[in-house]
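Engineer: only geometry, no sequence info:
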């Protein structure tokens with residue numbers, strides 16, 4: 001057997017970043033404009049100009065595709081900077097999160113979370129690929145602030161993160177208050193600067 005014969009044969013074309021972006025953009029756009037129910041694989045294929053076969057080859061389920069579309073948008077809209085004053089970074093991030101919640105992003109996030117809770121197993125996908133990752137980054141920022149003294153609260157960093165973002169999401173979902181950027185920044189300051 002020659003070395004060429006011994007190499008494993010790859011099936012199909014490699015995944016194209018441009019095609020993947022078109023699919024994810026279409027999925028998010030449909031969710032934001034027409035709702036989650038309208039974001040079928042057929043609709044996404046038509047809108048993106050990509051075959052259903054390609055979509056099914058890359059995503060095992062519709063839920064997985066919708067989660068990825070949401071995650072891509074969240075990463076673009078709500079980056080967590082890795083440099084700068086920890087308290088300031090979290091205030092800006094929470095403020096941007098509130099602004100996003102008040103737009104299409106909020107509707108899409110709520111729909112995707114609801115779908116994940118209802119769909120068997122997909123809640124773990126959402127948690128693992130979005131919440132856990134972003135939570136870990138923010139918890140690291142809080143710990144860095146506790147170490148340098150810019151964050152005064154001695155409580156565990158994970159609990160502090162949950163108090164901020166859990167509060168904002170809970171208030172958004174149930175409409176207990178009109179969320180503003182100013183409110184988000186004050187919430188971050190009150191949670192992180194109290195002894």
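Structural biologist: Arrived safely, thanks for sending. Note that the structure is predicted; figures quoted are calculated from it, not measured. Numbers count the residues shown, from 1 in each chain.

Engineer: quick one, helices of this protein?
Structural biologist: If DSSP state H is used as the criterion, the helices of the chain fall at 3-6, 17-34, 41-48, 52-58, 62-77, 86-101, 104-118, 122-126, 132-148, 157-174, 181-192.

Engineer: quick one: buried residues of the fourth one?
Structural biologist: For helix 52-58, the neighbour count (16 or more other CB atoms under 10 Å) marks 54, 55, 58 as buried. The C-beta positions use only the backbone N, C-alpha and C, and glycine is treated the same way.

Engineer: same thing with stretch 181-195?
Structural biologist: So stretch 181-195, judged by 16+ other CB under 10 Å, has buried residues 181, 183, 184, 185, 187, 188, 191, 192.

Engineer: Can I get the residues you listed in a markdown table including distance to residue 101 and pLDDT?
Structural biologist: Written out in a markdown table, the entries for those read as follows (distance: CB to CB, whole Å; pLDDT from 0 to 100):
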| residue | distance to residue 101 | pLDDT |
| --- | --- | --- |
| 181 | 11 | 97 |
| 183 | 11 | 97 |
| 184 | 9 | 97 |
| 185 | 14 | 96 |
| 187 | 13 | 97 |
| 188 | 15 | 97 |
| 191 | 18 | 97 |
| 192 | 20 | 97 |
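
Engineer: what's near enough to touch the nearest residue to residue 142 once chain neighbours are set aside?
Structural biologist: Taking CB to CB, 6 or more residues apart in numbering as the measure, residue 142 lies nearest to residue 157, with 3.9 Å between them; neighbours along the chain are not counted. Under the criterion of CB atoms under 8 Å, 6 or more residues apart in numbering, the neighbours of residue 157 are 139, 140, 142, 143, 146.
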